[in-house]
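# Below are the sequence and a predicted model for it; my questions follow.
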Amino acid sequence: MTRMRDTLRRQAGIVRSLLIYWRPGRQRGLRGLYAPFISPGDLVFDVGAHVGDRTAAFQGLGARVVALEPQPALLRCLTRLVGGRAGVTLLPCAAGATQGEAELAISDDNPTVSTLADHWRTTIGEHNPGFRDVHWQRRLRVPVTTLDALIAEHGIPRFCKIDVEGYEADVLAGLSQPIQGLSVEFVAGALGIATRCVTRLEQLGDYRFNAIEGEKRRFMWPAWKTARQTHEWLEAGADALPSGDLYARLVHSDELTSPPNDQGRQS
């Protein structure tokens, strides 16, 4: 009975994610957001692919996608949803600072917050009310690669999305060369991780930054900020946003203004 209850809990968590991330109209909005970053034939890394909504958007723009997802149940779901699409490569692993293995803490109720980041997991509930009722029921040893290793095997991506629940800075620690465009998740109560990400990107190249609140698809700032300005924004509390994503673009890319596309549609 206990095993059946646990199985149903895991399935319910995945269904919840599917309802959120695969709702009608969402793919159009995601493609509009990423179109200024990605052209047909470009390579994209999706680190923390979850149920594949962003992988699908990248592929829908004509990109080749290497998507990483270490959770077996989510990987099976991901395989059914996007595994058969042309140009999509699914890898059953996580990314970090070094290659090897690590322990993944899995939340059956909320699989999107499963994490390798022990300190983040044990402290985030104290600083962010949205995580106070989150529990991580299981542990699983998973293989870990690095962005450098992925580049050595697949090439340099045009864009890299990193959404790994407090492990973003560790993922960037495994990168030793600039990538044209990236995004990293941030959450209130752990903004120091985003600060470390900005610092690491400063070391790799001359980047400008913008932010998106939560799951919206509209950039917050008309003009992209310098690393210093972004540090100041984070240190001031990131406008008290519960969560969001920081986007980074190399200065020598196209004009660093928010692209005029349909990203304002919030389907």
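Everything's here; your move.

# Surely residue 90 and residue 67 touch.
Yes: using Cβ atoms under 8 Å, residue 90 makes contact with residue 67 at a distance of 5.4 Å. Where you see a C-beta, it was placed from the backbone N, CA and C, and this is true even at glycine.

# Identify the contacts common to those two.
Shared contacts of residue 90 and residue 67, defined by Cβ atoms under 8 Å, 6 or more residues apart in numbering, comprise 49, 78, 82.

# circling back to that earlier point, between residue 90 and residue 67, who's got more neighbours?
residue 67 (26 against 19; other Cβ atoms under 10 Å).

# Please tell me I have it right and residue 196 contacts residue 169.
Yes: with contacts counted by Cβ under 8 Å, residue 196 reaches residue 169, the gap being 3.8 Å.

# More neighbours: the two, which one.
Of the pair residue 196 and residue 169, residue 169 is the one with more neighbours under other Cβ under 10 Å, namely 21 against 16.

# tell me the contacts of that one?
Residues near residue 169 by Cβ under 8 Å, 6+ apart: 193, 196-197, 200.

# For those residues, pick the one with the most neighbours.
Greatest neighbour count in the contacts of residue 169, by other Cβ under 10 Å, goes to residue 197: 27 neighbours.

# which residue packs closest to it, ignoring adjacent ones?
Excluding its sequence neighbours, the residue lying closest to residue 197 (Cβ to Cβ, 6 or more residues apart in numbering) is residue 184, at 4.8 Å.

# quick revisit: from the shared contacts of residue 90 and residue 67, which would you call buried?
49, 78, 82 (16 or more other Cβ atoms under 10 Å).

# Please save the CA atoms from stretch 226-237 in PDB.
Provided in PDB are the C-alpha atoms of stretch 226-237 (Å, rounded to 0.1, in the frame of the first residue of the first chain):
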ATOM      1  CA  THR A 226      26.000  45.700 -16.900                       C
ATOM      2  CA  ALA A 227      27.300  43.100 -14.500                       C
ATOM      3  CA  ARG A 228      27.700  45.800 -11.900                       C
ATOM      4  CA  GLN A 229      24.100  47.000 -12.300                       C
ATOM      5  CA  THR A 230      22.900  43.500 -12.100                       C
ATOM      6  CA  HIS A 231      24.900  42.900  -8.900                       C
ATOM      7  CA  GLU A 232      23.300  46.000  -7.400                       C
ATOM      8  CA  TRP A 233      19.800  44.800  -8.400                       C
ATOM      9  CA  LEU A 234      20.400  41.500  -6.800                       C
ATOM     10  CA  GLU A 235      21.900  43.000  -3.600                       C
ATOM     11  CA  ALA A 236      18.900  45.300  -3.300                       C
ATOM     12  CA  GLY A 237      16.600  42.200  -3.300                       C
END
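
# All set, thanks.
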